[in-house]
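Chemist: Build me a model:
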Amino acid sequence: MRYIVTFIWSFLLVSMLNYVVGSVLGADFNIDTAIVTSVVFTILVFIIGAIIPNESTPEAADNH
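Modeler: Numbering: from 1, shown residues only. Predicted structure coming up:
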């Protein structure tokens, strides 16, 4: 479920960005570019999430 929701949010945000940048540059909106970029962005989000450790540092435990 988290993969689907992450892709949906990625698609919405990338489509919005694609539309705004395309409007500023005077280019047409292309849904294919938004879909491909969303897939790449979703994969990068999960790779970054896998790299970042889940355990807290000793310094963070001392502050609570």
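
Chemist: Check which helices and strands the helix or strand where residue 33 lies is in contact with.
Modeler: Per DSSP states H and E, residue 33 falls inside helix 31-51. Counting contacts by 3 or more CB pairs under 8 Å, 6 or more residues apart in numbering; DSSP states H and E, helix 31-51 is packed against helix 2-25. (Glycine included, C-beta is placed from N, CA and C.)

Chemist: Next, count neighbours for residue 19.
Modeler: For residue 19, the neighbour count with other CB atoms under 10 Å is 13.

Chemist: Is the residue nearest to it when sequence neighbours are not counted in a helix, a strand, or coil?
Modeler: Take residue 19 and drop its neighbours on the chain: the residue closest to it by CB to CB, 6 or more residues apart in numbering is residue 29, 5.3 Å away. For residue 29, the assignment made with DSSP: H, G, I helix; E, B strand; the rest coil gives coil.

Chemist: For residue 29, give me its contacts.
Modeler: Going by CB atoms under 8 Å, 6 or more residues apart in numbering, residue 29 touches 18-19, 22.

Chemist: For the helix holding residue 33, what does the pLDDT average out to?
Modeler: Averaged over helix 31-51, pLDDT sits at 92.

Chemist: Buried residues, that helix. List them.
Modeler: 34, 37-38, 41-42 (16 or more other CB atoms under 10 Å).

Chemist: could those go into JSON lines alongside distance to residue 7?
Modeler: Compiled in JSON lines, the buried residues of helix 31-51 are given as follows (distance: CB to CB, whole Å):
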{"residue": "34", "distance to residue 7": "12"}
{"residue": "37", "distance to residue 7": "12"}
{"residue": "38", "distance to residue 7": "7"}
{"residue": "41", "distance to residue 7": "9"}
{"residue": "42", "distance to residue 7": "5"}
